[in-house]
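# pasting the structure only:
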């Protein structure tokens, strides 16, 4: 294989692998810009992945599965939001609870629905879509421009999120609520409502990320299949400096580490599998260590807002 | 006294609420929740042997719970006790065979120390990154758990692999194993399963931790940093040093748990070494109100759930994943602030009043 072919294939698999992380990372950006850390994003992804497979299993249609995955992710995120925003639970602790619940409940679900531990049966997965014209380019057409619907949605979602946060009243409200909620409240913005909406968007995107894994990459559900990707997404959001486009780029970096590891494994490079598998996690730690000091988090991040204080 | 009672109220409420939720879930899927719980309790205490097994699983849980509590008290969300535990287990399992000629009085404590050192090192990395690079420890500790997992997987399938097909290290020689509290087969002595001498180490660690927390300046510094980093800085406290020391201690306790589990129960490191001790530790620390005494009680409870849950799955087919679900629910409910509930009712009340006013006008 020529170097060009290798790189083209690598770009294609980078995009595919980065998609779940990028979607969740953009979701994390929405939530954190509003002042809520969604540590439960890993759980939202796992629930989304499960919901996707279950929806596809019941209806026989991957599209219905996709929808159920997104709704499941959003619902879980809203439940977490209720605990964090209204009940003032510590956001990190409550988020961890959601992650552990996601592990337990999806395992329980596998057992109850399909009666087998660990893995679901195969279901209808997301089909590949060939982009008109672009997909006719030799090699790149097949590797880069032929993707499933969720991968194709990634760029529009990233740009849409950028515009939403930058150019709309809701985006300004989100930022205000995340920086100085009392000031936002004093001009009549509902802190709680804004944060709930941001968390719903976050959960929906994380759920979609989960669907990209279960229906896009595998067409079945495996126990704990998100394997820390939600946390990598949180790191991507920090590396991307709390912007959707930054989060996208950061996720592509993590995707590239994973894609490189996979392609080396497939080509039978004489390195133990674990040395390669550990790459994305190591890259995450290194990148966080290198980029966190310069990052400016929203000021009210992690702080519950007391809506009973008269303004 | 009243504050102490109030301190107990929260965990009891959280546990009750979690059990009710799981009961509803079980009833919903056609299981009988009462009989499932009865099987679980019987599985944990039904015989001296089962009680012994329950106490044996109490050991790693008490230590990982303590590990998480030490971090959380300083406001450090070390959710990577799992990885620190694995590194501790790895150290003990790897060094053990080289100490076969050393008298056990020396070698066994030495292996525990090595385990604690390895875990402490695994806690030092996120501690340093937090202190000097401001890297979020929630993410780094979890990522490092994956790294620890792959490191151990690589070693037990490669360089440290024992002869045979099993991906595991060599079994420790007899003399390096922590003594069982009972020898099965002897008349008149109850069979206590795999309960081993490590239980005393765990209890000792809890006592030492309580002492460190309340009687040393380090304990005080740690708590102050947990309260407010800015206030600690203004009072001239070396926040960075405290952060790193706390993370090292937290990791060391988890590493000790791993070493003891190797020395007392599994005698080797294999793929299925930990059923998630480190993650259960999070639930234990929170349920135990981040205090040593609380961790002791919470670890006992989760030991019952874990041991009983396995028996329950074998006997009545009720999936043991409900133990994980209980864990998650307990954490969620403990995290909820009573003031939050009050706030919700105030806001709802106000909203209703506003709606009424609008009706009138």
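Perfect, thanks for sending it. This structure is a prediction, so every number in the text was calculated from the model and none was measured. Numbers count the residues shown, from 1 in each chain, chains lettered A, B, ... in the order given.

# Residues of the stretch 151-300 of chain B that sit close to chain A?
Selection of the stretch 151-300 of chain B residues close to chain A by C-beta under 8 Å from any C-beta of the partner chain yields B:151, B:153, B:154, B:157, B:158, B:279, B:282, B:283, B:286. (C-beta placed from N, C-alpha, C; glycine too.)

# from memory the fifth one sits against residue A:273, does it?
No: with contact defined as C-beta atoms under 8 Å, residue B:158 and residue A:273 do not form a contacting pair (10.0 Å).

# out of the residues of the stretch 151-300 of chain B next to chain A, which one sits closest to chain A?
Nearest to chain A among those, counting by C-beta to the nearest C-beta, is residue B:154 at 3.8 Å.

# filter the residues of the stretch 151-300 of chain B next to chain A to the buried ones?
Burial by neighbour count, judged by 16 or more other C-beta atoms under 10 Å in any protein chain shown, picks out B:151, B:153, B:154, B:157, B:279, B:282, B:283, B:286 from those.

# Check which helices and strands the helix or strand harbouring residue B:119 sits against.
Mapping residue B:119 onto the secondary structure by DSSP states H and E places it in helix B:104-133. Using 3 or more C-beta pairs under 8 Å, 6 or more residues apart in numbering or on different chains; DSSP states H and E as the contact test, the elements touching helix B:104-133 are helix A:279-291, helix B:81-95, helix B:137-157, helix B:239-261.

# Out of those helices, which one sits most buried?
helix B:81-95 (a mean of 30; mean count of other C-beta atoms under 10 Å in any protein chain shown).

# Excluding residues flanking it in the chain, which one is nearest the residue nearest to the spatial centre of chain B?
Closest residue to the average C-alpha location of chain B: residue B:281 at 2.1 Å, with C-alpha atoms, centre = their mean. Distances taken as C-beta to C-beta, 6 or more residues apart in numbering or on different chains place residue B:64 nearest to residue B:281, at 3.0 Å, with adjacent residues excluded.

# Look up how far residue B:14 lies from the one you found.
Look at residue B:64 and residue B:14: by C-beta to C-beta, to the nearest Å, they are 19 Å apart.

# Now do the same for residue 236: helix, strand or coil?
You didn't say which chain, so I picked chain A. helix (DSSP: H, G, I helix; E, B strand; the rest coil).

# You answered for a different chain; I wanted chain B.
Residue B:236 falls in the coil class when you classify it by three-state DSSP.

# Run a quick neighbour tally on it.
Neighbourhood size, residue B:236 [other C-beta atoms under 10 Å in any protein chain shown]: 6.

# Then residue B:27?
Neighbours of residue B:27 using other C-beta under 10 Å come to 13.

# Angles on the backbone of residue A:130, please.
With angles defined as degrees, to the nearest 10, residue A:130 sits at phi -90, psi 120.

# beta partners for it?
Going by DSSP bridges, residue A:130 is paired in beta bridges with residue A:146.

# State the pLDDT value of it.
As summarised for this prediction, residue A:130 has a pLDDT of 85.

# Give me the distance between it and residue A:147.
Using C-beta to C-beta, one obtains 9 Å as the distance from residue A:130 to residue A:147.

# And these two? Which one has more around it.
When neighbours are counted by other C-beta under 10 Å, residue A:130 and residue A:147 differ, and residue A:147 comes out ahead with 22 against 13.

# From what I see, residue A:252 and residue A:17 are in contact.
No: under the criterion of C-beta under 8 Å, residue A:252 lies out of contact with residue A:17, with a separation of 9.3 Å.

# Looking only at neighbour counts, state which of the two leads.
Between residue A:252 and residue A:17, residue A:17 has the larger neighbour count (other C-beta under 10 Å), namely 27 against 21.

# Secondary structure element holding that one?
Counting by DSSP H and E, the element that carries residue A:17 is helix A:3-33.

# Tell me which other helices or strands the helix or strand just after that helix touches.
For helix A:3-33, the following helix or strand on the C-terminal side (DSSP H and E) is helix A:41-59. Using 3+ C-beta pairs under 8 Å, 6+ apart as the contact definition, the elements that helix A:41-59 packs against are helix A:3-33, helix A:62-81, helix A:91-114, helix A:191-211, helix A:229-239.

# if I pick residue A:5, what's in contact with it?
Neighbour list for residue A:5: residue A:139 [criterion: C-beta atoms under 8 Å, 6 or more residues apart in numbering or on different chains].

# what angle do the worst-scoring helix or strand of chain B on mean pLDDT and helix A:191-211 make?
Evaluated with mean pLDDT, DSSP states H and E, the helix-and-strand set of chain B has its lowest mean pLDDT in helix B:338-360, which scores a mean of 78. Regarding helix B:338-360 and helix A:191-211, their directions subtend 120 degrees when assessed with axes from the mean of the first three to the mean of the last three C-alpha atoms, to 10 degrees.

# Could you list the buried residues of helix B:338-360?
Within helix B:338-360, the residues scored as buried using 16+ other C-beta under 10 Å are B:340, B:343, B:344.
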